[in-house]
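>>> A structural model of the following input is requested.
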Amino acid sequence: MAENPKLNCPECPDGMDRRNFMRNVGGTATALAAGTVLGSGQRVWAEPQEAPANRVARPAEELVRELYASLNEEQRRQIVLPWNHGTGNNNATPTRLGMYNAALNNQRIGQVYNQQQQELIERILRSICSDEEGHRRITRNGTFDGSQNFGACGSHIFGDPTNNRQFAWVFTGHHLTVRCDGNSQPTTAFGGPMYYGHSPDGYSQRNVFNYQTRSVVSVFDALTEAQRRTAVVTGSPGEQAPSVRFRAPGQPHPGIPGSELTMDQRRLVQSVMRDILSPYRREDADEVMRIVQFNGGMERIHLAFYRDQGATDNNRWHFWRLEGPGFVWNYRVLPHVHTYVNIAAVG
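Residues are numbered from 1 along each chain as shown. This next block holds a predicted model:
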């Protein structure tokens, strides 16, 4: 993978030196396991399944095709890019798989698209959310965080969404990268890596993802002292590309594995998984669960809590991280939320 340029986050007190933002991430996006989706009574701990099955096109993808058909020649030159754009001759990560902290290439929706197209893009974004509550969280109460409005975000198409060709629609903004791809990469959840965050600190109720922090706190509180000694790691998992790459087979994962949790503790982890997937459409959440199960199940997912080296505050930890084969969900709580997600079927 090529080196990733540093992105500036206005809320980071010391820029990108202490905890650098990642622009491009090797691998793919978000995962969990088959048979353990969001409904009650479904199992998280189950036997591995067959490889994730191909999906049919969903409403979001059909809307992307409608958007593509509406573009004029000048618009296509600006915001339609080749599927492998950015790879060149050095095997770099394609631009479509990057994680971005602002409108990609500074090409803002309000400047590139007409009003009807902007309304269509809004419908695409809503279509990849679970419901109005999911949309509220993804958009940070409609503010898009530092972007301040929908029109300051970016919307790009990679490849060609017509005639069953490979394509991806990528939406970018401050603390936000989400996408859909019509299952152009069948073993990848969400069409590639995701990034989300919010400017208030993760413990604050003003943060729209505070419910995820609270959900993880419930797991930490349920651990025994012996389990915490395994789960708590001194240092930071980082936010550069290496921190969300999948570890090589056989390489240990920090934290406590699902296999060492009690049944009650496993239920709490199931609640965490339900909470972190709740903003996204059911099809994507289901695929995440299928991929996790294919990769060996929740028994192989580790939960780690990272406390910054030399920290003098009273917080027990500053990051939490779910990690296993083909799975990284890297959530920074302080000083504000940055979350990097990378999930795909491996092996």
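>>> so what's Leu277 closest to, chain neighbours aside?
Setting aside the residues directly before and after it, Leu277 is nearest to Ala285 in space (C-beta to C-beta, 6 or more residues apart in numbering), at 4.2 Å. For glycine as for every other residue, the C-beta is placed from the backbone atoms N, C-alpha and C.
>>> Sorry, slip of the keys, the one I care about is Leu223.
Counting by C-beta to C-beta, 6+ apart, Leu223 lies nearest to Ala231, which is 6.0 Å off, once chain neighbours are set aside.
>>> how many other residues sit next to the one you found?
Neighbourhood size, Ala231 [other C-beta atoms under 10 Å]: 24.
>>> Which secondary structure element is home to the closest residue to Leu268 other than its chain neighbours?
Closest residue to Leu268 apart from its sequence neighbours, by C-beta to C-beta, 6+ apart: Val219 at 4.6 Å. Here Val219 is covered by helix 210-222, with elements defined by DSSP states H and E.
>>> State the phi and psi torsions of the residue nearest to Leu277.
Ala285 adopts backbone torsions of phi -60, psi -40, taken as degrees, to the nearest 10.
>>> tell me which helix or strand of the chain sits lowest on mean pLDDT?
Within the chain, confidence by mean pLDDT, DSSP states H and E is lowest for helix 241-244 among all helices and strands, at a mean of 72.
>>> Direction included, what does the next helix or strand after that one pair up with?
Using DSSP H and E, the next helix or strand after helix 241-244 towards the C-terminus is strand 256-257. Note on strand 256-257: by DSSP bridges, its sheet partners are strand 302-307 (antiparallel).
>>> Please state the offset of whatever helix or strand Trp320 lives in from the chain centre?
Per DSSP H and E: Trp320 is located in strand 319-324. On the basis of C-alpha atoms, centre = their mean, to the nearest Å, strand 319-324 sits 13 Å off its chain's mean C-alpha point.
>>> angle of the helix holding Val219 against strand 319-324?
Counting by axes from the mean of the first three to the mean of the last three C-alpha atoms, to 10 degrees, helix 210-222 points 80 degrees away from the direction of strand 319-324.
>>> Could you tell me which other helices and strands helix 210-222 packs against?
Judged by 3 or more C-beta pairs under 8 Å, 6 or more residues apart in numbering; DSSP states H and E, the packing partners of helix 210-222 are helix 263-277, strand 302-307, strand 327-332.
>>> May I have the residues that are in contact with the residue nearest to Leu268?
Neighbouring residues of Val219 by C-beta atoms under 8 Å, 6 or more residues apart in numbering: 265, 268-269, 272, 303.
>>> repeat for Gly173
Going by C-beta under 8 Å, 6+ apart, Gly173 touches 100, 102-103, 144-145, 147, 152-154.
>>> which non-adjacent residue is nearest it?
Cys153 (3.6 Å).
>>> Likewise for Ile124?
Leaving aside its chain neighbours, Ile124 sits nearest to Leu63 (4.6 Å; criterion: C-beta to C-beta, 6+ apart).
>>> now do Gly142
Among residues not flanking Gly142 along the chain, Arg136 sits closest, at 7.1 Å (C-beta to C-beta, 6+ apart).
>>> elements contacting the helix or strand hosting the one you found?
Per DSSP H and E, Arg136 falls inside helix 132-138. If you count contacts as 3+ C-beta pairs under 8 Å, 6+ apart, helix 132-138 packs onto helix 115-127.
>>> Could you list the alpha-carbon positions for the helix it packs on in CSV?
Taking C-alpha atoms only, helix 115-127 is exported to CSV below (Å, rounded to 0.1, in the frame of the first residue of the first chain):
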residue,chain,number,x,y,z
GLN,A,115,-31.1,20.9,-7.5
GLN,A,116,-32.8,17.7,-8.8
GLN,A,117,-29.6,15.8,-8.7
GLN,A,118,-28.9,17.0,-5.2
GLU,A,119,-32.3,15.7,-4.1
LEU,A,120,-31.5,12.4,-5.8
ILE,A,121,-28.2,12.2,-3.9
GLU,A,122,-30.0,12.9,-0.6
ARG,A,123,-32.3,10.0,-1.4
ILE,A,124,-29.3,7.7,-2.1
LEU,A,125,-27.9,8.6,1.3
ARG,A,126,-31.2,8.0,3.1
SER,A,127,-31.4,4.6,1.3
